[in-house]
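Q: Build me a model:
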Amino acid sequence: MDPNEIEDLTEVGTVDVGELSSEPFTVSTGTYRTIPIALFNHPELFSGRNPYGNENGPYPDNWRRYAAFARAVLASFKLLDYKPSVIHCMDWTAGMVPLYRYVDYVQKDPNHPVSKAGIFFSFQNIAMQGSFERHILPEIGVPVEYFRNVKGVEHEGRINFLKAGLEFSHVISAPSPLQAERIQDIDRGYGLEGTFKRRAKDIVGISNGINYHAWDPSTDPCLSYQYSAKDKDLSSKRNCKRTLQKELQLDTGARTLLAGVIGRLDADGGYDLLAEVMTHVLERNVELVLMGSGQPEIIERIRTIEATFTGRCRLIENYDTKMAHQIMAGSDILLLPPHHNPTHALSAIAMRYGTVPLVYAHSGLEDTISSYSNDKKTPTGFTFNRYSGEGLLEGLDEVRNAWKDPVAWKDLAFRCMEQDFSWEETASQYMKAYRRVSRRLKQEREELS
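A: Predicted coordinates for the structure are as follows:
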C-alpha cells in the first residue's frame with residue numbers, strides 16, 4: 001500500500017492495550033482507493049521495523065507486538081463506532097484477535113460490538129505459526145485455563161498464535177479447496193492436524209483472486225512490449241524476453257529456456273532445493289533470473305555462481321516491482337520449488353503472462369495447475385514428484401523436452417493466459433463463507449444464553 005494514496009487521513013483518538021504497553025495505540029482513518037481503512041500506530045513496537053523480523057530472524061518481542069495489535073484493533077470498535085457482522089483475520093499475526101474477542105468481550109460483555117461480530121480466520125502459510133514460550137501467558141493477559149491443546153492455545157508446550165486463531169474462530173479458510181483437505185493429514189498440517197481434523201466441518205478452501213488490473217500484460221506500463229492471449233504468435237512476449245536478457249546482460253539466444261525465480265531465497269522459498277542443483281540447471285542450456293532476499297551467505301553463494309556462469313545467471317536482490325513485472329513477462333517458465341506453496345498467486349500471475357509454472361507436485365498448487373505429466377492435451381504447467389534436487393531436475397528436463405516443440409509450447413502459453421483467476425469468483429465464495437460465519441455466530445449466542 002502506497003501511503004500517498006491514502007486520502008483524508010485523520011487521527012481520531014487512542015486506545016489502550018492494558019499490560020502489554022504503557023503507551024496507547026494511535027488510531028487514524030482514511031480512504032484507500034474508495035475503501036475506508038483504519039491505521040494503528042505504536043512507535044515503540046512498530047516504527048522503523050519490518051513486519052516480522054530482520055536478517056537475524058524474527059524479532060524476540062513479536063509476541064508482544066501482535067498481542068498488543070490484536071487488543072488495539074478490538075478496543076477501537078467503540079472509538080470508530082464500528083459494528084461489523086464479520087471480523088476477517090489473516091495469519092498468526094492476527095491469531096490473538098479471536099481469542100481476545102472471546103475472553104475479553106463475549107465472556108464479559110455479550111452486547112459489545114466485538115461480541116456481536118463473528119470471526120472468519122484465514123491463513124496463507126501454516127508453517128509460520130507465531131510460537132512462543134509459555135511464560136508470556138500472564139503478560140498477554142490470557143487465563144491459564146486456555147493453555148490447553150484441545151480448544152486452547154497450547155501446542156508442543158508453547159503458546160501458538162496461529163492455533164489461537166484456529167480454535168476461537170467460527171469459520172477457517174485454507175488457501176485452496178485441496179489444501180482444506182490435506183491439512184488434516186499427518187505431516188500436512190505442520191503439527192496442527194489434530195486441530196484441523198476436529199474443526200473439519202468449519203473449514204473452507206478458497207483460492208485467492210489475482211488483481212488483473214495490476215497484472216495485465218496487455219496494459220502493463222512496466223513492459224516495453226504489451227501482449228495478450230489475442231496475439232497470434234506472442235512475438236511481443238519474445239521481445240520482452242530479449243529486452244530482459246539485454247538489460248540483465250544475459251545471452252540472448254531465443255531458444256535458450258529462461259527460468260524466473262521470485263521469492264525468499266531460503267528453505268521456506270525452496271532455495272535449499274534449488275541450491276543443490278543450481279549449477280546442473282545452468283549447464284542444461286537454461287538461464288536463471290532470481291529475485292529476492294536471503295541471508296548474506298546465501299547471497300554470496302549465488303553471486304559466486306553468477307560470476308562462474310557469466311551471461312547465464314543473474315540475481316536481483318530484494319524486491320523490485322518493475323523488475324518483477326519484467327521477469328514475469330520475459331521468462332519462459334517460473335520456478336516455484338517450495339515444499340509448501342501457501343498461495344497460488346505467483347503461479348496464477350505467471351500464467352496470465354504466458355509464463356509456464358514448474359512446481360512441486362504436492363505443494364498445494366495441484367488444484368490450480370493441470371500437470372503436463374498427467375495431461376498432455378490441455379496442461380497449464382509442470383510438476384516434479386520427488387522433493388529433492390534430482391526431482392527438480394527431472395521436472396526441468398520434462399519442461400526442456402516440451403520446449404523443443406515451439407508450436408506445442410505456444411499453445412501451452414496461450415492456454416495458461418486463458419485461465420481465469422480473477423477476484424469475481426473468489427469474492428462470491430467469500431460471501432458464502434461470511435454468511436456461514438453469521439450462522440455459526442448465532443449458534444454460539446444460543447449456546448451461551
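Q: OK, contacts around the residue lying closest to Y227 once chain neighbours are set aside?
A: Spatial nearest neighbour of Y227, excluding adjacent residues (CB to CB, 6 or more residues apart in numbering): S236 at 3.7 Å. From N, CA and C alone the C-beta is placed, and that goes for glycine too. Listed by CB atoms under 8 Å, 6 or more residues apart in numbering, the contact set of S236 reads 225-227.
Q: Equivalent analysis for I299, please.
A: By CB under 8 Å, 6+ apart, the residues touching I299 are 265, 315, 317.
Q: again with T195
A: Taking CB under 8 Å, 6+ apart as the criterion, T195 is in contact with 163, 166-167, 189.
Q: Show the buried residues in the residues you listed.
A: Among those, those buried by neighbour count (16 or more other CB atoms under 10 Å) are 163, 166-167, 189.
Q: quick one on the thing from earlier: sitting in helices, which of the contacts of T195 do you find?
A: Counted as lying in helices by DSSP state H, out of the contacts of T195, are 163, 166-167.
Q: could you pull out the helices for the stretch 201-350 of the chain?
A: 235-247, 271-282, 296-308, 321-330, 345-352 (DSSP state H, counting those that start in this stretch).
Q: Are there helices or strands packed against the second one, and which ones?
A: Looking back up the chat, that one is helix 271-282. When contacts are defined as 3 or more CB pairs under 8 Å, 6 or more residues apart in numbering; DSSP states H and E, helix 271-282 sits against strand 286-292, helix 296-308, helix 389-403.
Q: which residues sit against the shortest one?
A: If you take CB under 8 Å, 6+ apart as the criterion, strand 286-292 is touched by 244-245, 248, 250-251, 256-265, 269, 278, 281-282, 302, 312-320, 323-324, 327, 330-331, 396, 400.
Q: What of the last one?
A: Residues outside helix 389-403 that contact it (CB under 8 Å, 6+ apart) are 257, 259, 273-274, 276-277, 280-281, 284-286, 332-333, 337, 356, 358, 360, 372-373, 382-386, 408-409, 412.
Q: Just the C-alphas of the helix or strand following it, formatted as PDB.
A: The C-terminal neighbour of helix 389-403 among helices and strands, as given by DSSP states H and E, is helix 406-417. C-alpha atoms of helix 406-417 as PDB (Å, rounded to 0.1, in the frame of the first residue of the first chain):
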ATOM      1  CA  PRO A 406       7.700 -24.400 -30.500                       C
ATOM      2  CA  VAL A 407       4.200 -24.900 -31.700                       C
ATOM      3  CA  ALA A 408       3.100 -27.000 -28.700                       C
ATOM      4  CA  TRP A 409       4.800 -24.600 -26.300                       C
ATOM      5  CA  LYS A 410       3.000 -21.600 -27.900                       C
ATOM      6  CA  ASP A 411      -0.300 -23.500 -27.400                       C
ATOM      7  CA  LEU A 412       0.700 -24.200 -23.800                       C
ATOM      8  CA  ALA A 413       1.500 -20.500 -23.200                       C
ATOM      9  CA  PHE A 414      -1.900 -19.400 -24.700                       C
ATOM     10  CA  ARG A 415      -3.700 -21.900 -22.500                       C
ATOM     11  CA  CYS A 416      -2.100 -20.500 -19.400                       C
ATOM     12  CA  MET A 417      -3.100 -17.000 -20.400                       C
END
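Q: for helix 406-417, which positions count as buried?
A: Buried residues in helix 406-417, defined by neighbour count with 16+ other CB under 10 Å: 409, 412-413, 415-417.
Q: which residues of the stretch 1-150 of the chain score low on pLDDT?
A: 1 (pLDDT under 70).
Q: Among the buried residues of helix 406-417, which one lies nearest to S293?
A: C416 (27.5 Å; CB to CB).
Q: hang on, V103 in a strand?
A: No. When classified by DSSP: H, G, I helix; E, B strand; the rest coil, V103 is found to be helix rather than part of a strand.
Q: a helix runs through R65, doesn't it?
A: Yes. Counting by three-state DSSP, R65 is found in a helix.
Q: Which residue comes closest to it once chain neighbours are left out?
A: In this structure, R65 finds its nearest non-sequential neighbour in L45, 4.7 Å apart by CB to CB, 6+ apart.
Q: Next one: I6 from Y32, what distance?
A: Separation of I6 from Y32 (CB to CB, to the nearest Å) stands at 5 Å.
Q: which ones are touching the nearest residue to S207 once chain neighbours are set aside?
A: Distance criterion CB to CB, 6+ apart; nearest residue to S207, sequence neighbours excluded, is S176 at 4.7 Å. When contacts are counted by CB under 8 Å, 6+ apart, S176 is found next to 205-207, 344, 364-365, 367-368.
Q: Out of those residues, which two sit at the greatest distance?
A: Taking CB to CB as the measure, these span a maximum distance of 14.8 Å, between I206 and L365.
Q: The two: which has the busier surroundings?
A: Between I206 and L365, counting by other CB atoms under 10 Å, L365 is the more crowded of the two (28 against 21).
Q: Hmm, that one is touching N341, no?
A: Yes. Here L365 reaches N341: they are 5.0 Å apart, a contact under CB atoms under 8 Å.
Q: list residues touching both of these two?
A: Shared contacts of L365 and N341 (CB under 8 Å, 6+ apart): 347, 359.
Q: thinking again about what came up before, quick check: which of the helices of the stretch 201-350 of the chain is nearest to R198?
A: Among the helices of the stretch 201-350 of the chain, the nearest to R198 by CB to CB is helix 345-352 (29.2 Å).
Q: what's the closest one packed up against?
A: Other helices and strands packing on helix 345-352, by 3+ CB pairs under 8 Å, 6+ apart, are strand 333-336, strand 356-360, helix 406-417.
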